[in-house]
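Engineer: Need the 3D shape of this:
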Amino acid sequence: PTTIGSDEPLFSCFHASNPHIVSHIASSIVSSRHDSASCPAAKNIFVVEDHPIVRHVYRTLLESAPDLKVVGEASTAEEAISALESAPVPDLLVVDLGLGGMSGLELIKQATDADAGIRVLVVSMYEEALYGEKALQSGAHGYVRKKKAETVIVEAARTVLEGDYYLSAPLQRRIVGQYT
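Structural biologist: Predicted coordinates for the structure are as follows:
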């Protein structure tokens, strides 16, 4: 899929012709990630992952992009459902399939049944060949293996948020092959 590259400059939202201004912006980037007047609002993301350290890594990776913001986290599907009932629906759910209690697949079904506009990206250690299609059938819009998440999660999130599907080339070929 055609996507915005993850190598986009951190200050891509700033339009400054003076290098001193750019330098000043760089030094204050922590307090002001982007200029809301020239950038679209950040897309809100909710992460559902049972391992706290992995949730932290996802948050760090996703929030390294000025157009993405993690607004909530949960370690179980039940916690996610409870949190989502009492808060505005995020633009994107990032969901692990292997959760304690209710499965990630069931969470995806419930979330997409409750709000057809919510986008879902699965990030899982499970083989895509076994679970990729199940995730799509449950309502997911993308599937990333955890071992690849560090390098592709931002691209995958943006792709799904843009209304496209994010799937590996082998899964794309397998799905298309079923119809040709």
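Engineer: Check which helix or strand Gly101 maps to.
Structural biologist: Under the criterion DSSP states H and E, no helix or strand holds Gly101.
Engineer: give me the number of residues near it?
Structural biologist: Residues near Gly101, counting by other CB atoms under 10 Å, number 12. Where C-beta positions appear, they are placed from N, C-alpha and C, glycine not excepted.
Engineer: how close does it sit to Leu84?
Structural biologist: Applying CB to CB, to the nearest Å, the value for Gly101 to Leu84 is 15 Å.
Engineer: for Asp164, same thing?
Structural biologist: Distance of Asp164 to Leu84, computed by CB to CB: 23 Å.
Engineer: swap in Val54?
Structural biologist: 20 Å.
Engineer: pretty sure Gly98 is touching Val122, no?
Structural biologist: No - using CB atoms under 8 Å, Gly98 is not in contact with Val122; the gap is 10.6 Å.
Engineer: which ones are touching the residue nearest the centre of the chain?
Structural biologist: In the chain, the residue lying closest to the centroid (CA atoms, centre = their mean) is Ala157, at 3.5 Å. Applying CB atoms under 8 Å, 6 or more residues apart in numbering to Ala157 gives the contacts Lys43, Ile45, Leu62, Ala65, Leu68, Leu92, Val94, Leu121.
Engineer: Out of those residues, grab the one that's most surrounded.
Structural biologist: Neighbour max across these (other CB under 10 Å) = Val94, 28 neighbours.
Engineer: Run through the bridge partners of the nearest residue to Tyr58 once chain neighbours are set aside.
Structural biologist: Nearest in space to Tyr58, with sequence neighbours left out and distances taken as CB to CB, 6 or more residues apart in numbering, is Val47 at 5.2 Å. Applying DSSP bridges to Val47 gives these bridge partners: Glu73, Val94.
Engineer: Looks like Val47 contacts His56 (just checking).
Structural biologist: No - with contact defined as CB under 8 Å, Val47 does not reach His56; the gap is 9.5 Å.
Engineer: which of those two has more neighbours?
Structural biologist: Val47 (26 against 13).
Engineer: Relative to Pro170, how far out is the more buried one?
Structural biologist: Val47 is 26 Å from Pro170, where distance means CB to CB.
Engineer: Show me what stretch 135-150 is in contact with.
Structural biologist: The contact list for stretch 135-150, computed with CB under 8 Å, 6+ apart, reads 54, 57-58, 61, 95, 97, 104-106, 108-109, 111-113, 119-125, 127-128, 131-132, 152-153, 156, 159-160, 164-168, 171, 175.
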